[in-house]
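> Provide a 3D model corresponding to the input given below.
(chains A and B)
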Protein chains: 2
Amino acid sequence: MKTIKVYQTRAYGPEARFELVEIPAPKLSSGQILIEVKATSLNPMDNKILRHELRGPELPAILHGDVSGVVSAVGPNVDDFIVGNEVYACAGGFIGTSGVLAEFMVADVRLVARKPSSLSFIESAALPLVVITAWESLIDSAKILEGEHVLIHGGIGGVGHVAVQLAKAKGARVATTVSSKEAAKMARNFGADDIIYYRDETVENYVQRLTNNNGFDVVYDTVGGPNFENSLQAVRTYGRVVTVFTGPEATVLDLKTAFFKGVSIHTQNMSIPLITGKGREHHGTILKEAAKLADAGKLKPLIDPHHFTFAEANEAHAFFESKKYLGKIVLTP
Amino acid sequence: MKTIKVYQTRAYGPEARFELVEIPAPKLSSGQILIEVKATSLNPMDNKILRHELRGPELPAILHGDVSGVVSAVGPNVDDFIVGNEVYACAGGFIGTSGVLAEFMVADVRLVARKPSSLSFIESAALPLVVITAWESLIDSAKILEGEHVLIHGGIGGVGHVAVQLAKAKGARVATTVSSKEAAKMARNFGADDIIYYRDETVENYVQRLTNNNGFDVVYDTVGGPNFENSLQAVRTYGRVVTVFTGPEATVLDLKTAFFKGVSIHTQNMSIPLITGKGREHHGTILKEAAKLADAGKLKPLIDPHHFTFAEANEAHAFFESKKYLGKIVLTP
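Numbers count the residues shown, from 1 in each chain, chains lettered A, B, ... in the order given. Here you go, the predicted structure:
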């Protein structure tokens, strides 16, 4: 193998376009494996990088972070993987790392785990970024405890539907916001105990109805922007709010309500180990634990029925931008 | 005793003035004690309430929260105190509670502890609010660990000088910001390991000099406002910042740097148990523990040499507003 096929963009912004090119086959350094890519999913971060709302890899760039695939070569000092292993990871596509829209990708083994054996490559590719995000948010930062009442905004969103399942797996009582009866049904299937139709009910109302006016122990704000104030209103005195980074424009926040309740605010950004190179082992560990949950029937991804190939990556991003997708958009070679 | 002397204000704002009046002697309810007041201290909150920057008790109002004194009567269902006990507390002066500028004050026993036997009434009155604030910030919220590197902004400020001592008592390495050599000497006496002259050194510089560019594990922002961005710059990736409420106007914060580093932000407001009536036992417990630290020589207050009587409360607040005070301003009857 002297060359590999990749989908590259030569520009960021509105004019960005993925194009098929051949590049020299990558060489493996210590601690790296080569993954034959079987599927990737589209996360909001990938689109923000494509549209230049966030800094991405140097141009021309191969994008996307989530991968599922088969180990096709192993570099020096790799003990945990052999050729043929079926794996998944969020392994690139940010500043400083190459991405997944390719025949093969090089991955740092610290970021990689064996994929859940009960899930397909398509299903596995939908999980890494959102599982790591929800895990770091609820388990590492908010440290949710059994029996706590957790409000998750956006219960069938990419991060939200995984967060609902992780919180349930940890023994929490889960309330979630949805916009329709169909969404409510899906959220209940993921384990949500309490459904909030956020378009029809005020925060004051549902805090009264569901928590007897005490507020939630933990609120997970996967929505960002103006929803942050709703999160502060919904959390109890001394409670914890976790807020996901939704872009550089949405970071100026009014903490008045937080101060009056002594709230702790955990900011969440799963790309740090990818960008800095530090703490990557933890991502591999999270995916290992998540695979166990999936194989125990406690974690499954919500995948949009529209399927795209890598050659249709531009269409996939246009579909993402239409905001008409459900859960995760997955692409296969 | 049919009446007691108190210092009341009939207005909030620039026209507020403490005036001596006699009011009927208060009656004790279950769980309350009467304290013969020996001293109080002036906290920024007291002044903000006086000047109507924060909501206070209904007018006419007796203000100030910190008290040291002697138990002179005990209400029903009080087991932990007897007449004659020397006590200290932050026991009132916020919305819904009466304050300390009086001959006698009624206090909820849950808020009260025996004063440190090694400290005078004047010294003891300087501690409650700032000890509770620093304790809730560093021990309850940031959960500082032995060996962690903690930056405390304002190392000889009211909260700051107590925070330095608590962090040292917990085994942390403490850096603190000061503005002069005299202040540096005082901060070192309180145990500070690393001194930062914040007027002369950039955040970038001292993070490089003191943490090898890794950032501090915990930053305690007792200053607020524009200093918050300095705190975010100084903290390490995944570190914790605790920020003290400095007024309703200083709560709109840019969390961009926080998101990029995955920082946790703990908002601090010690008045919650006073205002809501919930969680007051914890304040009593903190003061009990703080008395042990004081008696072990690990905690002492910094008291401004200007002494005021209750009759000079207006002058004491004017002196506070001049910003020329050091540590805590104490008043005695």
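> quick one: pLDDT of the residue nearest to residue A:77 when sequence neighbours are not counted?
Among residues not flanking residue A:77 along the chain, residue A:30 sits closest, at 4.6 Å (CB to CB, 6 or more residues apart in numbering or on different chains). In this view, the C-beta of every residue, glycine as well, is placed from N, C-alpha and C. On pLDDT, residue A:30 comes in at 97.
> now swap in residue A:139 and tell me
98.
> hang on, isn't it packed against residue A:172?
No. At 10.6 Å, residue A:139 does not count as touching residue A:172 under the criterion of CB atoms under 8 Å.
> the more surrounded of the two?
residue A:172 (25 against 16; other CB atoms under 10 Å in any protein chain shown).
> the spatially closest residue to that one that is not a sequence neighbour and residue A:226: what is the separation?
Leaving aside its sequence neighbours, residue A:172 sits nearest to residue A:150 (CB to CB, 6+ apart; 4.5 Å). Plainly put, residue A:150 is 21 Å away from residue A:226 if you go by CB to CB, to the nearest Å.
> what about the two, which has more around it?
Neighbours were counted for residue A:150 and for residue A:226 using other CB under 10 Å; residue A:150 has more, 28 against 8.
> residue contacts, the more buried one?
A:138, A:144, A:167, A:172-175, A:216-220 (CB atoms under 8 Å, 6 or more residues apart in numbering or on different chains).
> how about the residue nearest to residue A:172, secondary structure?
strand (DSSP: H, G, I helix; E, B strand; the rest coil).
> give me the beta-bridge partners of it?
Here residue A:150 shows beta-bridge partners residue A:174, residue A:218, assigned using DSSP bridges.
> please name the nearest non-neighbouring residue to residue A:163.
residue A:134 (4.0 Å).
> was I right to think the one you found contacts residue A:159?
Yes. Counting by CB under 8 Å, residue A:159 is a contact partner of residue A:134 at 5.5 Å.
> surely residue A:196 meets residue A:178?
Yes. Counting by CB under 8 Å, residue A:196 touches residue A:178, with 7.2 Å between them.
> residues touching residue A:11, list them.
With CB under 8 Å, 6+ apart, residue A:11 has these contacts: A:17, A:59.
> in the stretch 101-250 of chain A, which residue sits closest to chain B?
For the stretch 101-250 of chain A and chain B, the shortest gap (CB to the nearest CB) falls at residue A:245, measuring 4.3 Å.
> any part of stretch A:110-130 near chain B?
No. Counting by CB under 8 Å from any CB of the partner chain, chain B is not contacted by stretch A:110-130; separation bottoms out at 14.7 Å.
> could you give the mean pLDDT of that stretch?
Rounded mean pLDDT across stretch A:110-130 is 98.
> quick one: low-confidence ranges for the stretch 201-333 of chain A?
Within the stretch 201-333 of chain A, not a single segment meets pLDDT under 70.
> strands of that one, start to end?
A:216-221, A:235-244, A:252-254, A:264-268, A:308-309, A:329-332 (DSSP state E, counting those that start in this stretch).
> in the longest helix seen in chain A, what counts as buried?
Counting by DSSP state H, the longest helix found in chain A is helix A:280-295. Neighbour counts using 16 or more other CB atoms under 10 Å in any protein chain shown place A:280, A:282-284, A:286-287, A:289-291, A:293-294 of helix A:280-295 among the buried residues.
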